[in-house]
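Chemist: sequence and predicted model, in that order:
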Amino acid sequence: MLNKKKIDDRAATLHKKPNKNKSHSSVIGPLSQWIDRSMHIDIDSINRDVSKDRGLSITDFGFILSTRNDRAPLGVGIIPSKLIPADITYMKIGRIILPYSTALANLNYNQELTLTFTGLRSNGSVIANLLTNETIHFSFTFTQCTFNANLVELIPVNKYCKFDPPLTYLDNLSMRWNDPRYPVSFDVDRMQAQLFDYTTTDGRITFAMPHKLNTNDVIIIYGLSTLNDSINTNILNIINNPRGIKITKINDTTISIGIDFTTIISPDNTSLPIILFVSKCFRIALEIGYQETDELA
């Protein structure tokens, strides 16, 4: 029982909020290294690196921090950041809505998901995943969302992940989800359209492969154009709305967006943009505690 208490006490220490008292003289041992400064970043899987995509599923989500000020191209995995942190002492995570389907959830007996930041392979371990030999940085319980059966709300078991000693450098925030031991394979979150059917009054779009979307899912059409964009400005603004459009599932490869395509003048049949499946994406708000910055960034 004594050993179990020591393990529990150690786990509690790892996952409690760091001491923000900057007077290190009042703190004994490694807790004095926890924090000098903190920063917040937003990780959006819409912006993940798609260069290594293979097949009809996603296991790894690639992201890197960058101090570039211009808007990064979609699909390169760049997360804008005011700086590149060094001597990282902790990460803090909150509530997440994840596109975790009913089929996957029904096989997850423990109703638990874990998150591994695979870009931190060379740094110390918090909990070891014995099956993949990777670190598990965060664990979550989850409940099905009432507004969409294929989404779950993740509640972190440990909001804080402490690094003791601190991580020397952090610019790679690539990640992998596990349920809770095996990597989760997610449906693809974007496809290139095969056909915009300009004879349809409900705006039908067809893909070459099953889209796995459902009625009322949200998509973003990333840059449809015509042979005369100036005369089609109003309808193109609606179709290319960056906030997205709700869809109706017609069949496994065709959806409709509820817009009359017959009103488009001089359509361009070669304009077949990438379509983002917003309902299959996720966002993570991450707080990072650090002591230094990389001056070469």
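Modeler: Now that the structure is in, tell me what you want to look at.
Chemist: please name the residues that touch I78.
Modeler: Counting by Cβ atoms under 8 Å, 6 or more residues apart in numbering, I78 makes contact with 47, 63-64, 66, 68, 72. In short, each C-beta sits where N, CA and C put it, glycine included.
Chemist: got the domain ranges for the chain?
Modeler: 2-187+281-293, 190-279 (automatic domain parsing).
Chemist: reformat those as TSV; add mean pLDDT.
Modeler: Below are these laid out as TSV (pLDDT from 0 to 100):
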stretch	mean pLDDT
domain 2-187+281-293	79
domain 190-279	97
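Chemist: scan the contacts of I78 and report the most crowded one.
Modeler: F63 (24 neighbours; other Cβ atoms under 10 Å).
Chemist: how close does that residue get to V50?
Modeler: 12 Å (Cβ to Cβ, to the nearest Å).
Chemist: would you mind listing the residues touching both of those two?
Modeler: G77.
Chemist: residues near the closest residue to D60 other than its chain neighbours, how many?
Modeler: Residue nearest to D60 in three dimensions, not counting chain neighbours: R176, with 5.4 Å by Cβ to Cβ, 6 or more residues apart in numbering. R176 has 18 neighbours, counted by other Cβ under 10 Å.
Chemist: try the one 4 residues further on
Modeler: In terms of burial, P180 registers 18 neighbours under the definition other Cβ under 10 Å.
Chemist: please apply the same query to the one 10 residues further on.
Modeler: Close neighbours of R190, defined as other Cβ under 10 Å, add up to 21.
Chemist: so the closest residue to it other than its chain neighbours is in which element?
Modeler: In this structure, R190 finds its nearest non-sequential neighbour in L276, 4.9 Å apart by Cβ to Cβ, 6+ apart. Per DSSP states H and E, L276 falls inside strand 274-277.
Chemist: who are the packing partners of that strand?
Modeler: strand 190-197, strand 218-221 (3 or more Cβ pairs under 8 Å, 6 or more residues apart in numbering; DSSP states H and E).
Chemist: give me the sheet partners of it and which way each runs.
Modeler: strand 190-197 (antiparallel), strand 218-221 (antiparallel) (DSSP bridges).
Chemist: any chance of these in CSV with distance to V152 as columns?
Modeler: Converted to CSV, the strands paired with strand 274-277 look like this (distance: least, Cβ to Cβ, whole Å):
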stretch, distance to V152
strand 190-197, 21
strand 218-221, 17
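Chemist: quick one: closest of those to N106.
Modeler: Among the strands paired with strand 274-277, strand 218-221 comes nearest to N106, with 24.2 Å by Cβ to Cβ.
Chemist: contact partners for C145?
Modeler: 97, 151-153.
Chemist: may I ask which of the residues you listed has the most neighbours?
Modeler: Busiest of those [other Cβ under 10 Å] is V152, holding 25 neighbours.
Chemist: coming back round to it: please name the bridge partners of the residue nearest to R190.
Modeler: Beta-bridge partners, per DSSP bridges, of L276: R190, I220.
Chemist: give me every residue that touches it.
Modeler: 46, 189-190, 219-220, 222, 244.
Chemist: switch the cut-off to 7 Å
Modeler: By Cβ atoms under 7 Å, 6 or more residues apart in numbering, L276 lies in contact with 46, 189-190, 219-220, 222.
Chemist: need the max-distance pair from these.
Modeler: D189 and Y222 (12.2 Å).
Chemist: between the two, tell me which one has more neighbours.
Modeler: D189 (20 against 17).
Chemist: what's the spacing between the more buried one and T201?
Modeler: 28 Å.
Chemist: same thing with T293?
Modeler: Relative to T201, and taking Cβ to Cβ, T293 is found at 56 Å.
Chemist: neighbour count: those two, which is higher?
Modeler: Legend: neighbour count by other Cβ under 10 Å for T293 and T201, higher for T293 (16 against 12).
Chemist: so that one bridges to which residues?
Modeler: Residues in beta-bridge contact with T293 (DSSP bridges): P85.
Chemist: quick check, it in contact with I84.
Modeler: Yes: the criterion here is Cβ atoms under 7 Å, and T293 meets it with I84 at 6.4 Å.
Chemist: can you list residues touching both of these two?
Modeler: In contact with both T293 and I84: no residue, using Cβ under 7 Å, 6+ apart.
Chemist: for P166, pull up the helix or strand it's in.
Modeler: Going by DSSP H and E, P166 is part of strand 160-169.
Chemist: ditto for G289
Modeler: strand 283-293.
Chemist: alright, I will stop here.
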